[in-house]
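> Have a look; sequence and predicted model below, questions after that.
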Amino acid sequence: AQSVAQPEDQVNVAEGNPLTVKCTYSVSGNPYLFWYVQYPNRGLQFLLKYITGDNLVKGSYGFEAEFNKSQTSFHLKKPSALVSDSALYFCAVRDVRSYQKVTFGTGTKLQVIP
Amino acid sequence: EAQVTQNPRYLITVTGKKLTVTCSQNMNHEYMSWYRQDPGLGLRQIYYSMNVEVTDKGDVPEGYKVSRKEKRNFPLILESPSPNQTSLYFCASARTGQGSATYGYTFGSGTRLTVV
C-alpha cells in the first residue's frame, strides 16, 4: 500500500521569507510524486512533479520541491513567500507500477502573513 | 479550454433521495476518478475508471455508484444518500499510457453536497 504524510496542518510564514511545506511518502517501489494547490472554492491545481532524474524539481509560481530518497521526503519550497501563496497544499504519491492510482496527503494550509 | 466540468456546484438534498453528480472532460483522457474531501482526511478516492466500461472501487466506495458509458462522462450516483456523505466532491481526469506519469490530474471545481 502507498501512503503520504503531511505532518503540519498549518504553516505560517511572513511575506518575503522562505517557506517549506513537508511531505513524506511510503511506496513499495519507486515513486512518482506530485504537489497540488487548492485555492478557496476551487479545484486542485497541479504545481509540480518528480518522475525521475534531478532531485530538485521546479514548478509553477516559483515553487520547487526536493526529492530525498533516503528520507522518503518531497518537501515543497519557495525562496520568498507571497500573500497570494496562501492556500491549501496537497502532496501526492503514485507507485510507478500502479496504473494511475494516486494517493493524496491530508493537506497543509499555508498562511502567508503580510 | 481543456477542463473537467462538474455539476452542480452546490447541492442540498434529503436523506434517501437519489441524486447524480455529473462529470465531463474534453481532453480525451482515458482515466477518470472521483474523490471526496473532508477536513483532516484529505482527498479519498471513491471510484475510478481506466476507460469506457472499466470501473473499479477506490478507498471509500460504500454508498456510491459510477458508470462510464462514454469516454468523456463519469457520473457519480448516490442511490440513497445519508448525512455522512455530506462532503466536497471532486472529479479528476488524466492521460494514461506511454508518458502518462509526466502529467498530473486535471480536477473539476468541486461539488459541495449537503445531505440533511
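Nice, thanks for sending it over. Because the structure is a prediction, the values reported are computed rather than measured. Residues are numbered from 1 along each chain as shown, chains lettered A, B, ... in the order given.
> Point out where chain A drops to low pLDDT.
Confidence mapping of chain A against pLDDT under 70 gives the ranges A:98-100.
> Please identify the residues of chain A in proximity to chain B?
Proximity of chain A to chain B is confined to A:6, A:9, A:32, A:34, A:36, A:41-46, A:49, A:51, A:90, A:94, A:96, A:99-107 under the rule CB under 8 Å from any CB of the partner chain. Glycine gets a C-beta too; all of them are placed from N, C-alpha and C.
> let's go with 10 Å and repeat that
Chain A has residues A:1, A:4, A:6, A:9, A:32, A:34-36, A:38, A:41-49, A:51-52, A:88, A:90-92, A:94, A:96, A:99-108 near chain B, with proximity defined as CB under 10 Å from any CB of the partner chain.
> For ChimeraX, write the select line for the buried members of these.
Applying 16 or more other CB atoms under 10 Å in any protein chain shown to those, the buried members can be selected in ChimeraX as follows:
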select /A:4,6,32,34,35,36,38,43,44,45,46,47,48,49,51,88,90,91,92,94,100,101,102,103,104,105,106,107,108
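> could you say which helix or strand contains the residue positioned nearest the centre of chain B?
Geometric centre of chain B, nearest residue: residue B:34, 2.6 Å, by CA atoms, centre = their mean. Using DSSP states H and E, residue B:34 maps to strand B:31-38.
> ok, how many other residues are close to the residue lying closest to residue B:73 once chain neighbours are set aside?
Counting by CB to CB, 6 or more residues apart in numbering or on different chains, residue B:24 is the residue found nearest to residue B:73 once chain neighbours are left out, at 5.2 Å. By other CB atoms under 10 Å in any protein chain shown, 18 other residues sit near residue B:24.
> Next: residue B:82.
Residue B:82, neighbours per other CB under 10 Å, totals 11.
> For it, list the residues it contacts.
B:15-16, B:63, B:115 (CB atoms under 10 Å, 6 or more residues apart in numbering or on different chains).
> 7 Å instead?
By CB atoms under 7 Å, 6 or more residues apart in numbering or on different chains, the residues touching residue B:82 are B:15, B:63, B:115.
> quick one: it and residue B:113, what's the gap?
According to CB to CB, to the nearest Å, residue B:82 and residue B:113 sit 11 Å apart.
> before we move on, what about residue A:109?
Distance from residue A:109 to residue B:113, by CB to CB: 22 Å.
> All good on my end, thank you.
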